[in-house]
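Participant: From the sequence below, what's the structure:
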Amino acid sequence: MEKVEFEVVGMHCTGCSTRLEKVLNNLDGVNFAKVDFEDKRAVVEYDSDKIRIVEIKEAILDAGFEVKE
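Facilitator: Prediction:
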């Protein structure tokens with residue numbers, strides 16, 4: 001398992017972070033995801049044999065948020 005942290009832009013409330021956390025945890029290959037609204041961060045533990053970082057970023061974008069590079 002590998003771990004990556006993203007700075008997420010566009011979350012306006014804890015409901016946003018909860019929704020994004022659910023989206024990330026439902027991705028095939030993601031073992032664990034925790035989204036913190038106050039820190040504007042998402043920490044994702046994933047299996048690099050099943051999912052790539054770019055796919056995780058795409059899921060964040062599809063959920064209506066941005067990843068700050």
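Participant: Every contact and neighbour count from this point should use C-alpha atoms.
Facilitator: Noted.
Participant: Which helix runs longest in this structure?
Facilitator: For the chain, the helix with the greatest residue count under DSSP state H is helix 14-25.
Participant: on contacts alone, who are the packing partners of that helix?
Facilitator: Packed against helix 14-25, as judged by 3 or more CA pairs under 8 Å, 6 or more residues apart in numbering; DSSP states H and E, are the following elements: strand 30-36, helix 53-62.
Participant: got the contact list for the residue of the chain positioned farthest from its centre?
Facilitator: Largest separation from the mean C-alpha position in the chain: residue 49, at 17.6 Å (CA atoms, centre = their mean). Taking CA atoms under 8 Å, 6 or more residues apart in numbering, we find residue 49 in contact with residue 29.
Participant: how near is it to residue 1?
Facilitator: Distance of residue 49 to residue 1, computed by CA to CA, to the nearest Å: 9 Å.
Participant: Okay, now the unreliable bits of this protein?
Facilitator: Applying pLDDT under 70 to the chain flags no residue at all.
Participant: Show me the beta-bridge partners of residue 41.
Facilitator: Beta bridges link residue 41 to residue 7, residue 36 when assigned by DSSP bridges.
Participant: I'd like to know how far it sits from residue 50.
Facilitator: According to CA to CA, residue 41 and residue 50 sit 22 Å apart.
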